[in-house]
Structure formats: C-alpha cells, structure tokens
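Novice: Okay, here's the prediction I keep looking at, along with the sequence it came from:
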Amino acid sequence: MEHTTHPTADVSPLATIGHGTRIWHHAQVREGASIGRDCVLGKGAYIDHGVSIGDNCKIQNSALIYSGATLEDGVFVGPGACVANDRHPRAIKPDGTLCTESDWQQGTVIVRHGVSLGANSTVVPNAVIGEWAMVAAGAVVVGDVPAHGLVEGVPARLTGFVCRCGHRLKKVGESGPIWEMRCTYCGEVMTISKASADGV
C-alpha cells in the first residue's frame, strides 16, 4: 500500500506522505509537511506546514506539532502533547493591533531518534531533545535534553537517564568523566557523560 488516510482527515496535496503511513480520523497535515514511512497519526493530530517527521513515528491522538519542528525516526508523541514554535506569543502588538506574520519569530525544535514525548507534555523552542530521551507526561521542556535523559516537571528538570527500552538506568561504575550505567529492566549497559548529568 502507498499510505492510508481516513476520509475525515485533511491532508494537503502539497504534503509528502511515506509508504505505509496511516492517518486517522480528523487529523490534519498541512502543506509542505513531510511524513516518513510506516508512521501512525492518531485522531485529531495536527501537523503544521513545513514540519518534518521521519520514519516509524507514532503521533498519538490530539498531538500538535507546529512549524519549525523536526522529528527524526522512531519518535513517539503522546496524546495531547504539543511541540510549540513561539517563546513569546501574543495575539496583538503593544498598540492593540492584531499581530501579523511579519511580527512573529518562529523558533525551532529538533527531536532526535527514538525520543518519547509523554502525554500532555509541551516542548517550547528553541530546544534539541537528544536521542532516546524521555519527556514525562505533563512536563514542560524549556531547553535542551541530553541523549537518554529523563526530564520531569514544570519546568522540566533532568531526573535520570533511560535505556532504549524506556526503563531507568542505574549507575554501576565510573571512569573519569564517564558513568557506566545498567538498565534496570533489560540489563543493557551503556556509558553516560557526567557532564550531561548536571543536577541529577
């Protein structure tokens, strides 16, 4: 199959949709958006103009991804999550007139390979979420997140590290600037830079 689009979805003919991708009820994909292969867009998901989404991504119900966002392969976006693009939003200018496109400075968000953004989380620009990181449900991310980092809260704070399987890593050793960490679930061992762990 090429891709599957529910009859109620609104997909621009100027968007690019990869082979095997499924787009469900009332989702909207704007012009210039690019969605990779074998993705799933849930009910009511919104993909703004120019957004880039890689292969094998899952965008859950009512998730909102605005222009300026790039999602690499294998990203999970939970229900109601929002990837925003404006750090200083206003509807009107100081003189009370309506803001126009020329009054707006678009920010960017890059979500690296394998990241999970939990339900109702929000990422504001400008931010890079490192590969395999996990953003907890309801968290508000206001800056960069290191690879494998687990961030929680409002604003989101680094509280630990997670394995590729999604479970917590535990420190089991160290050598100079590196921690050796083991997954508490699958047992995988990996190294994490101490510099990326400030505050943990």
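Specialist: It's in. Numbering: from 1, shown residues only.

Novice: switch to C-alpha atoms for all contacts and neighbour counts from now on
Specialist: Noted.

Novice: can you pull the pLDDT of Val200?
Specialist: On the pLDDT scale, Val200 is placed at 58.

Novice: typo on my end, it should be His25
Specialist: 97.

Novice: Could you say which helix or strand holds it?
Specialist: Assigned by DSSP states H and E, His25 falls within no helix or strand.

Novice: Pull the contacting residues for it.
Specialist: Listed by Cα atoms under 8 Å, 6 or more residues apart in numbering, the contact set of His25 reads His6, Pro7, Thr8, Ala9, Gly42, Lys43, Gly44.

Novice: tally of neighbours for the fourth one?
Specialist: By that I understand Ala9. 17 (other Cα atoms under 10 Å).

Novice: Tell me the spacing between the spatially closest residue to it that is not a sequence neighbour and Ser196.
Specialist: Of all residues not flanking Ala9 in the chain, His26 sits nearest, at 4.3 Å (Cα to Cα, 6 or more residues apart in numbering). Separation of His26 from Ser196 (Cα to Cα, to the nearest Å): 40 Å.

Novice: These two - which one has more neighbours?
Specialist: His26 (21 against 15).

Novice: give me the low-pLDDT residue ranges for this structure?
Specialist: Along the chain, the model assigns pLDDT under 70 to residues 1, 198-200.

Novice: re the thing from before, against Ala84, how distant is the residue nearest to Ala9?
Specialist: In this structure, His26 and Ala84 are 20 Å apart, going by Cα to Cα.

Novice: Repeat that for Arg157.
Specialist: Arg157 is 18 Å from Ala84, by Cα to Cα.

Novice: Could you do Leu150 as well?
Specialist: In terms of Cα to Cα, Leu150 sits 20 Å off from Ala84.

Novice: Could you do Ile129 as well?
Specialist: Ile129 is 13 Å from Ala84, by Cα to Cα.

Novice: what residues do those two have in common as contacts?
Specialist: Common neighbours of Ile129 and Ala84 (Cα under 8 Å, 6+ apart) are Val109.

Novice: more neighbours, those two?
Specialist: Using other Cα under 10 Å, the more surrounded residue of Ile129 and Ala84 is Ile129, with 26 against 21.

Novice: pretty sure that one is in contact with Arg112, am I right?
Specialist: Yes: Ile129 is within contact range of Arg112, at 5.9 Å (criterion: Cα atoms under 8 Å).
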